[in-house]
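Participant: Provided below are the primary sequence and the corresponding predicted coordinates.
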Amino acid sequence: MIEVELKGYADEGVFQRVRGRYRFLRKERHEDTYYAHPCRDFSETDEALRIRIKRFDGHFEALLTYKGPKLDEMSKTRREIEVPITDPDKHREILKALGFSEVMRVHKTREKYYVDKGVVITLDEIEGLGRFVEIEKLTDEEAEIPKTVGELREILESLGVERLERRSYLELLLGRD
């Protein structure tokens, strides 16, 4: 699956326009733990491996996610492989036993909104970084990426987003270019 995603810097005006235009789905708290590979540098290969713990509406959900390198020059579009896990602590133990090391934990509050079939927009408040808006759509076809990026960009621009950001929250927190 390919996750076509754009992210932009947001202020209160952008947050209010999203809240006014789209249907609220839920509010989540995320704890994302990122890992370094024992044999290659993910910052050089533009890959990521993380365990995400989501908390929402009294529920708990955990996912192990691999993200491949970005697939285009404008967006954060990547191949993504994600699997649910029931015991994040045991998965951390397995990763550590295999030589993976924890790089950083990223904490965020996320509000999710329904835009259109297959399109979700999120309002993110990242500890230590500030406010962002993300919009994403999943596709199976690489040929659809440019058209989808254009459509998602138009939505962000209509919300008043003036500056896009391709770096991940992890990269921003680590100060990477």
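Facilitator: Noted; the coordinates are in hand. Numbers count the residues shown, from 1 in each chain.
Participant: next SSE after the helix with the most length in the chain?
Facilitator: Determined from DSSP state H, the single longest helix within the chain is helix 145-158. As assigned by DSSP states H and E, the chain's next helix or strand after helix 145-158 is helix 169-174.
Participant: let me see the mean pLDDT of that following helix.
Facilitator: Helix 169-174 comes out with an average pLDDT of 93.
Participant: could you find the closest non-adjacent residue to Arg23?
Facilitator: Of all residues not flanking Arg23 in the chain, Tyr114 sits nearest, at 4.4 Å (Cβ to Cβ, 6 or more residues apart in numbering). Quick note: C-beta positions are derived from backbone N, CA and C, even for glycine.
Participant: now for that neighbour, how many residues are close by?
Facilitator: Tyr114 sits with 13 neighbouring residues when counted by other Cβ atoms under 10 Å.
Participant: helix, strand or coil for Asp72?
Facilitator: coil (DSSP: H, G, I helix; E, B strand; the rest coil).
Participant: next up, phi/psi of it, please.
Facilitator: phi -150, psi 170 (degrees, to the nearest 10).
Participant: and it, how far from Glu5?
Facilitator: 11 Å (Cβ to Cβ, to the nearest Å).
Participant: ok, now Pro146?
Facilitator: 14 Å.
Participant: quick revisit: can you list contacts of the longest helix of the chain?
Facilitator: Here helix 145-158 makes contact (Cβ atoms under 8 Å, 6 or more residues apart in numbering) with 2, 4-6, 8, 71-72, 74-75, 77, 115, 119, 121, 133, 135-137, 139, 164.
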